[in-house]
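*Asks:* here is a sequence with its predicted model. Questions after.
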Amino acid sequence: MILTMLALAAAIQRTPATEEERSAAMETYFACLAKAADENDDNRSDAMTIGLIIAPYCRSGRELVAQVWARGYKRDRVRVWFLQDLEDRAPQDAAAMVVARRQARGVN
């Protein structure tokens, strides 16, 4: 019985995330970036400067994305790799969101 439960638990952990789960995780991350951009953008500084300021605000969103996208892999290092990739490009992602939010507000 215990071996059956352990095998079931292992199988559940290895089930890859669905496309809907991956999309939801990305939407959560981007919503965080959008909120941080709206709250911190002075509309004068360049987008990268604001991006560097707001990128740390959304670390939990990046952790969620890495966790969801890495689900289904046997090794935790895959999650760590995904997270490192997201961390490396977080300022650029944040700067891109600043630009997108400025465009949505009609600010150049």
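*Replies:* Everything's here; your move. Numbering: from 1, shown residues only.
*Asks:* only C-alpha atoms for contact and neighbour calcs from this point on.
*Replies:* OK.
*Asks:* could you look up the SS state of the residue nearest the centre of the chain?
*Replies:* The chain has Arg62 as the residue nearest its centroid, 3.0 Å off, counting by C-alpha atoms, centre = their mean. Classification of Arg62 by DSSP: H, G, I helix; E, B strand; the rest coil places it in helix.
*Asks:* for it, give me its contacts.
*Replies:* Taking C-alpha atoms under 8 Å, 6 or more residues apart in numbering, we find Arg62 in contact with Tyr29, Leu83, Leu86, Glu87.
*Asks:* output the below-cut-off pLDDT ranges for this structure.
*Replies:* Low-confidence segments of the chain, defined by pLDDT under 70: 1-14, 108.
*Asks:* which parts of it are helices?
*Replies:* All helices of the chain, identified by DSSP state H, fall at 2-13, 19-40, 47-54, 59-70, 76-105.
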